[in-house]
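Engineer: here is a sequence with its predicted model. Questions after.
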Amino acid sequence: MTQRQMSDYVLIIMKNLNLLAVLFLAGVMAASIHGHIQAGTSMDFMMTARGFTWAGWKIIVMAAGLYVACLLVMSMQSDSAAGLIIKISVEIILGFLVSYVLGFGYMGVILLILADTMKYFPKSKLKFPVAVVISFIYLFINYEFMSVYFDVIPLSVYLDYFQSDARALMAGLQNALTSLNTFVFLVYMIFLLWAQLDEKERILSLNRQLNEANSELQKANLQLEKYAEEKEQMVATRERNRLAREIHDTLGHALTGIITGTEASIALMDVAPDMAKEQLKVIAEVARQGITDVRRSVKALRPDALEKYDLEKAIYNIVEDMRNVSNIDIDYQCHTSLNGFNNDEEEIIYRIVQESITNAVRHGHATAISIDISRRYGTLIVRIADNGVGCADVKKGFGLHHMEERLNLLQGSLHYSGDRGFTIEARIPIRWGESEEEGERND
């Protein structure tokens with residue numbers, strides 16, 4: 001249970017305690033009047049009291065009714081300062097009337113009104129002025145002061161009707177109820193102040209957390225700015241590397257074809273001049289195509305072959321070009337459709353085939369190359385093997401390194417082996433929608 005809930009619980013106790021006190025005192029007054037009437041001493045009572053009084057039952061009804069009305073007003077809520085002032089003013093009037101009916105012999109209701117005021121004015125600037133006014137009312141509402149202005153009978157006159165023992169008991173109960181009400185009021189104020197202190201501490205804690213959060217946010221912003229700068233540098237580096245790969249692939253492939261074709265032309269020059277001329281024409285075409293690809297690579301565009309043809313036709317053309325400029329036997333088999341790939345995927349597949357052919361001729365001095373493209377479920381498999389010199393301890397050069405980089409961008413993988421020639425197998429996830437059954441048929 002929180003301090004605020006405890007203060008509300010104590011306030012309920014205080015309301016019930018005041019109801020008990022009002023009913024008790026009204027009952028004492030009513031019993032005294034009824035006793036005098038029964039004893040026939042009512043005139044003596046009036047002469048002794050020298051004041052006005054009501055019938056006994058009226059005192060009980062009026063005191064209880066006014067107190068219940070005060071409780072009803074206390075239960076009302078208002079968010080505006082003017083509404084709160086009106087509410088408290090009505091409570092003070094009703095509390096004053098309750099005290100008047102009881103002959104100003106009990107002022108505990110005024111303390112209850114003060115407690116209610118402190119509850120509903122927790123943050124208002126009017127709290128302390130209103131509390132001071134109610135405190136003054138509590139101090140001055142007593143018989144000695146009010147009897148100067150109002151014709152009332154003190155409670156002691158009503159108590160004179162009873163025997164000394166009963167009179168002492170009733171007076172003691174009156175004092176006990178008054179003291180108990182004051183004690184409960186003090187307990188209520190302690191819990192209320194405690195709750196307000198906790199509320200302030202909670203607000204301070206939230207402010208500290210907010211400041212810490214702002215500090216963390218500033219750090220995060222600085223980290224994001226640093227990350228953005230690093231990202232920008234990474235993008236620039238990646239773009240430079242991409243252009244370097246493009247130039248390496250296009251120019252390297254073209255130069256390899258030119259060198260191989262030139263060597264073949266030199267060999268044919270003396271024995272078959274006409275064939276040598278035809279070979280030189282093919283070499284010239286490869287050189288022109290290489291220049292075009294280099295220009296497009298510098299402009300960060302796709303290979304010219306992929307700009308003109310679909311992927312399957314572009315791969316077929318580079319295979320035919322290498323066949324035409326060299327005496328290499330290239331066996332090309334494609335067991336699946338190459339449609340449906342996006343531009344990045346097409347470019348990577350094309351470059352893997354192109355780079356593998358170039359490496360087989362340039363480094364492996366191969367005379368036969370096997371290219372096999374197939375699909376197994378959701379993966380495209382590109383396998384290229386040659387009968388070149390191979391390499392027992394494969395060290396990744398520029399070509400292999402960038403093949404892996406390209407495949408990593410597509411969550412693909414690259415496997416290679418230098419035993420019995422050189423073999424490359426690239427696996428690329430397929431994102432377009434062929435069923436697994438179709439993939440099995442293609443296999």
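Structural biologist: It's in. The structure displayed is predicted, hence computed values, not measured ones. Numbers count the residues shown, from 1 in each chain.

Engineer: so how far is residue 231 from residue 224?
Structural biologist: Distance check for residue 224 against residue 231: by C-beta to C-beta, to the nearest Å, it reads 10 Å. Using the backbone N, CA and C atoms, a C-beta is placed for each residue, glycine as well.

Engineer: can you check residue 5 too?
Structural biologist: Noted for residue 5: a distance of 53 Å to residue 231, by C-beta to C-beta.

Engineer: and what of residue 175?
Structural biologist: 82 Å.

Engineer: show me where the stretch 51-200 of the chain has helices.
Structural biologist: 56-75, 81-101, 108-120, 127-140, 143-146, 155-159, 164-269 (DSSP state H, counting those that start in this stretch).

Engineer: need these in TSV (columns: mean neighbour count and mean pLDDT).
Structural biologist: Putting the helices of the stretch 51-200 of the chain into TSV (neighbours: other C-beta atoms under 10 Å; pLDDT from 0 to 100) gives the following:
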stretch	mean neighbour count	mean pLDDT
helix 56-75	18	89
helix 81-101	19	85
helix 108-120	23	80
helix 127-140	14	70
helix 143-146	14	63
helix 155-159	19	80
helix 164-269	14	78
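
Engineer: the stretch 301-443 of the chain: helices as residue ranges?
Structural biologist: For the stretch 301-443 of the chain, applying DSSP H, counting those that start in this stretch gives helices covering 304-308, 311-325, 343-362, 398-409, 436-442.

Engineer: got the angle between the longest one and helix 311-325?
Structural biologist: Following axes from the mean of the first three to the mean of the last three C-alpha atoms, to 10 degrees, one obtains 20 degrees for the angle between helix 343-362 and helix 311-325.

Engineer: my guess is residue 88 contacts residue 113, does it?
Structural biologist: Yes: Residue 88 is in contact with residue 113 according to C-beta atoms under 8 Å; the separation is 7.1 Å.

Engineer: touching both of those two, which residues are there?
Structural biologist: residue 134 (C-beta atoms under 8 Å, 6 or more residues apart in numbering).

Engineer: need the pLDDT of residue 330.
Structural biologist: pLDDT, the model's per-residue confidence, is 90 for residue 330.

Engineer: what is the neighbour count of the residue nearest to it when sequence neighbours are not counted?
Structural biologist: Distances taken as C-beta to C-beta, 6 or more residues apart in numbering put residue 369 closest to residue 330, at 4.7 Å, once the chain neighbours are dropped. Here the number of neighbours of residue 369 (other C-beta atoms under 10 Å) works out to 25.

Engineer: touching, residue 369 and residue 357? I think so.
Structural biologist: Yes: using C-beta under 8 Å, residue 369 makes contact with residue 357 at a distance of 6.2 Å.

Engineer: okay, and the common contacts of those two?
Structural biologist: 330, 384.

Engineer: out of the helices of the stretch 301-443 of the chain, which is closest to residue 256?
Structural biologist: In terms of C-beta to C-beta, the element of the helices of the stretch 301-443 of the chain nearest to residue 256 is helix 343-362, at 4.8 Å.

Engineer: mind listing what's buried in that closest one?
Structural biologist: Buried residues in helix 343-362, counted by 16 or more other C-beta atoms under 10 Å: 345-362.

Engineer: same thing with stretch 388-405?
Structural biologist: 388, 390, 399, 400, 402, 403, 404.

Engineer: tell me how far the ends of that stretch are from each other?
Structural biologist: 25 Å (C-alpha to C-alpha, to the nearest Å).

Engineer: what average pLDDT does it get?
Structural biologist: The predicted model assigns stretch 388-405 a mean pLDDT of 75.

Engineer: ditto for stretch 26-35
Structural biologist: For stretch 26-35, the mean pLDDT works out to 86.

Engineer: show me how far that stretch is from its chain's centre.
Structural biologist: 68 Å (C-alpha atoms, centre = their mean, to the nearest Å).

Engineer: quick one: buried residues of that stretch?
Structural biologist: Judged by neighbour count (16+ other C-beta under 10 Å), stretch 26-35 contains these buried residues: 26, 27, 28, 29, 30, 31, 32, 33, 35.

Engineer: which one of those is nearest residue 109?
Structural biologist: Proximity to residue 109 was ranked across the buried residues of stretch 26-35 by C-beta to C-beta; first place goes to residue 26, at 12.3 Å.

Engineer: bridging across strands, which residues link to the residue nearest to residue 356 when sequence neighbours are not counted?
Structural biologist: The shortest distance from residue 356 to any residue other than its chain neighbours is 4.0 Å, reached at residue 384 (C-beta to C-beta, 6+ apart). With DSSP bridges as the criterion, the beta-bridge partners of residue 384 are residue 371, residue 424.

Engineer: and the pLDDT for residue 384?
Structural biologist: Confidence at residue 384, expressed as pLDDT, is 93.

Engineer: I'd say residue 310 and residue 339 touch.
Structural biologist: Yes: distance between residue 310 and residue 339: 7.0 Å, which falls inside the contact criterion (C-beta under 8 Å).

Engineer: quick one: which of the two has more around it?
Structural biologist: Remark: of residue 310 and residue 339, residue 310 carries more neighbours, 14 against 10, as counted by other C-beta under 10 Å.

Engineer: list the contacts of the more buried one.
Structural biologist: 338, 339.

Engineer: report pLDDT for it.
Structural biologist: At residue 310, the model reports a pLDDT of 88.

Engineer: over to it: give its phi and psi.
Structural biologist: The phi and psi torsions at residue 310 (degrees, to the nearest 10) take the values phi -80, psi 170.

Engineer: can you redo the helices of the stretch 51-200 of the chain as a markdown table with distance to residue 412?
Structural biologist: Rendered in a markdown table, the data for the helices of the stretch 51-200 of the chain read as follows (distance: least, C-beta to C-beta, whole Å):
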| stretch | distance to residue 412 |
| --- | --- |
| helix 56-75 | 74 |
| helix 81-101 | 72 |
| helix 108-120 | 71 |
| helix 127-140 | 73 |
| helix 143-146 | 98 |
| helix 155-159 | 100 |
| helix 164-269 | 16 |
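
Engineer: which residues does the nearest residue to residue 331 once chain neighbours are set aside contact?
Structural biologist: Counting by C-beta to C-beta, 6+ apart, residue 331 lies nearest to residue 370, which is 4.8 Å off, once chain neighbours are set aside. Counting by C-beta under 8 Å, 6+ apart, residue 370 makes contact with 330, 331, 333, 383, 384, 385, 386.

Engineer: returning to that earlier point: pLDDT wise, what is the residue nearest to residue 330 at?
Structural biologist: At residue 369 the predicted local confidence, pLDDT, stands at 92.

Engineer: coming back round to it: the residue nearest to residue 356 touches residue 421, doesn't it?
Structural biologist: No: with the criterion set as C-beta under 8 Å, residue 384 and residue 421 do not qualify as a contacting pair; they are 10.4 Å apart.
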